[in-house]
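Asker: Below is the structure, and that's it, no one-letter string:
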């Protein structure tokens, strides 16, 4: 027998799940729009020349690439390389296409420009729970605003949106790349070591301070500097934001951080856990300022994240513009809401049963009237109604109740 | 300077257009759901083994194919073929993935099963107006219902949906593959010639009956049979459905056709132009019964189409199930609505202007209150407000009005 599974790491969504995903997507979009961001859309395929020019790191290795078509594909060429046979790639995120979009349309776009993107991206990652090879990203980005109010509105909007989805107890951990840089330099490390050390610091949550020290020793760094960094991190952990000024962090960075945390706390009545957290690093090389991650109970990883990437657009396109973004992890959020069995308001789905000798115009007329209140699907009476009920109501979740046209009465099957 | 255009045949959508596309997508989905169809979703990438097994004709040639990754890609293999280096393809329609979905989940699905799909498909066609390489398809399909009521509900649903989008004067042309087969056989042609002759008949609209005859002569068919076919087509054109019975068309097919047209006309109060049209052929090889196309003023091609394909699932998957579908052409529909400048109800987008020395909590508080009625975006006062207005209101269409926080009054910029 043939195999009819979707390809590795991708999924078919049955009616119940497809409907939930659509509702969640709609709620996120509505909240983003209500907060004054504008939906834009770019293609799934981008030229490989462009994608390869991005600071995608590991993601570049995980790209799906398309082969050249027609005469342009020459398989007889000697010493064939991947570059010879490929043309486009499936985007691995929405930030890289957004920077191309901005460069392409900057004359027509306002400054600042606030964008929503909600669409597919692809990565050929080793499949695991909550990691799909095709996934939806829900991003908001602000281009052209270097002030901390950009972060404030982005994060308030993101919190609003999580709340609309029923997440009422978030943990938002905020850090800043400048802080990490200053702490590392304060410990005596060289500017060139910052990236490598950040890769290790990123694991602070998982392997604790001792693990971090071990890894830095393995990487061959000077023991004295490692000890100093450990001391600094402990001090920062203990004394928080106010200790930062001692380690070369600029006053502006500290003020901005306090401004962000204070105002977010006030705006949300202290409902969420919003804090400075020095162990937040974010992997991507392109971040330059504020960075943040959202967490919630029941999921180990972040359910949302983002940060400021003021240099990226310039590096990729030559046009300098400050940029900051925040992303809601659609796949983990959907998984969590599905696990919690969260119900969303949606029109009830009704099956209207008729017999083959019924007046079809009258049947459609009744359907039309019922459609004002319900989603209504016509079904000719099945030979085995019990089997029909089970499949359509319980298994596939296509309808929630069944109405018998002949009897004129509704038969509730579920709740 | 670098080129920042999207790749050939694909498009970036600015806020106005992205918003319109999203609203149209939402309206179509809502109407499909209201009519009792259930959204499902399948991945964009499918295995090439599976895609290649479909009756895709020309579309197979137009597929985007992805290369193998990692060790599986061996470019040193002698006599390298395309098959050696490719793994998945981007689906060229939603019907082929639906048949895999059905085969994979048939035990869990009700019978009949009514599916909605609204998602991307890809074809590397020569770019032209209204033909994108990445496009959205809006399909409804019924699996497991061989009765004409499946067509009736599908077409009524599709008409409902067009009406919701403001198309109040549709032309729906209906034909049946069995009718075409009978007419061709009646003229004396062989069973084996049917496909070739249908390819020519498909052009009847464009090249008229004389053009069709010329092309059949060029194809080397017998003159007598060609003349006979021409006579039959003229007679059918003149006398309509009732002439069909003389040319071997089964009584059931004629009854079903009349049933479909009569009931659709009654249900829609004769508002649309719904008719039997012998020149409708539909290119795809998989159609077996009723076929139809939707037209409207201002667009030469069809804006929607579909038909019955009772054998396709069995050929592809081994599971026999009758199937019929209808598709709304999202790209031409969107183009037409954009050209007509159709406005859809949507929350008004407001820009709220504040100054840097304003109390930010108060500003956000006002934003929150305004958000009950509007989509509200915060903007710090720009140095050049005239330029800001022009870009954000007129060019990018990001907001429709601007409210000055300091002045407390709304400044209407557009209508």
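Answerer: That came in fine, so what should we check first? This one's a predicted model, so the numbers in the text were calculated from it and none came from an experiment.

Asker: a helix runs through residue A:306, doesn't it?
Answerer: No: remark: residue A:306 does not belong to a helix; assigned using DSSP: H, G, I helix; E, B strand; the rest coil, it is strand.

Asker: residues in contact with it?
Answerer: Residues in contact with residue A:306 (C-beta atoms under 8 Å, 6 or more residues apart in numbering or on different chains) are A:139, A:154, A:158, A:291-292, A:324-327. C-beta: built from backbone N, CA, C; applies to glycine.

Asker: Figure out how far stretch A:219-228 is from the centre of its chain.
Answerer: Per C-alpha atoms, centre = their mean, to the nearest Å, the displacement of stretch A:219-228 from the mean C-alpha position of its chain is 36 Å.

Asker: sorry, back to before: scan the contacts of residue A:306 and report the most crowded one.
Answerer: Within these, most neighbours by other C-beta atoms under 10 Å in any protein chain shown means residue A:324, with 28 neighbours.

Asker: Based on its surroundings, how many neighbours for residue A:159?
Answerer: Around residue A:159 sit 22 other residues, with neighbours defined as other C-beta under 10 Å.

Asker: Do any residues in stretch A:146-165 lie close to chain B?
Answerer: Yes: for a cut-off given as C-beta under 8 Å from any C-beta of the partner chain, stretch A:146-165 has contacts with chain B, namely A:147, A:149, A:152-153, A:156.

Asker: Next step: the contacts of residue A:306 restricted to helices.
Answerer: Within the contacts of residue A:306, membership in helices is found for A:154, A:158, as judged by DSSP state H.

Asker: Determine which two of the contacts of residue A:306 are furthest apart.
Answerer: A:139 and A:291 (15.1 Å; C-beta to C-beta).

Asker: so what's residue A:391 scoring on pLDDT?
Answerer: On pLDDT, residue A:391 comes in at 81.

Asker: distance of residue A:392 from residue A:376?
Answerer: 13 Å (C-beta to C-beta, to the nearest Å).

Asker: hey, what's in contact with both of those two?
Answerer: Shared contacts of residue A:392 and residue A:376 (C-beta under 8 Å, 6+ apart): residue A:351.

Asker: Settle it for me: which of those two has more neighbours?
Answerer: In terms of neighbours (other C-beta under 10 Å), residue A:392 is the more surrounded of residue A:392 and residue A:376; the figures are 28 against 23.

Asker: Who are the contact partners of the closest residue to residue A:45 other than its chain neighbours?
Answerer: Leaving aside its sequence neighbours, residue A:45 sits nearest to residue A:88 (C-beta to C-beta, 6 or more residues apart in numbering or on different chains; 4.4 Å). Going by C-beta under 8 Å, 6+ apart, residue A:88 touches A:45-48, A:65-66, B:7, B:64.

Asker: which SS state does residue A:88 fall under?
Answerer: Secondary structure, three-state DSSP: residue A:88 is strand.

Asker: What's opposite it in the beta bridge?
Answerer: Beta bridges link residue A:88 to residue A:47, residue A:66, judged by DSSP bridges.

Asker: and the gap between it and residue B:227?
Answerer: Relative to residue B:227, residue A:88 is positioned 51 Å away (C-beta to C-beta).

Asker: again, but for residue A:352
Answerer: Residue A:352 is 51 Å from residue B:227, by C-beta to C-beta.

Asker: Comparing those two, which residue is more hemmed in?
Answerer: residue A:352 (22 against 12).

Asker: How many neighbouring residues does the closest residue to residue A:64 other than its chain neighbours have?
Answerer: Nearest non-adjacent residue to residue A:64, counting by C-beta to C-beta, 6+ apart: residue A:90, 4.2 Å away. Using other C-beta under 10 Å, the number of residues around residue A:90 comes to 26.

Asker: My guess is residue A:90 contacts residue A:43. True?
Answerer: No: contact criterion C-beta atoms under 8 Å: residue A:90 and residue A:43 do not qualify, at 9.9 Å.

Asker: my read: residue A:326 touches residue A:292, true?
Answerer: Yes: between residue A:326 and residue A:292 there is a contact at 7.3 Å, judged by C-beta under 8 Å.

Asker: mind listing the strands in the stretch 201-350 of chain A by residue range?
Answerer: Applying DSSP state E, counting those that start in this stretch to the stretch 201-350 of chain A gives strands spanning A:273-276, A:290-296, A:299-308, A:323-329, A:349-354.

Asker: Export the ones you listed to a markdown table and append columns for mean pLDDT.
Answerer: Listed next are the strands of the stretch 201-350 of chain A as a markdown table, based on pLDDT from 0 to 100:
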| stretch | mean pLDDT |
| --- | --- |
| strand A:273-276 | 97 |
| strand A:290-296 | 97 |
| strand A:299-308 | 94 |
| strand A:323-329 | 97 |
| strand A:349-354 | 91 |
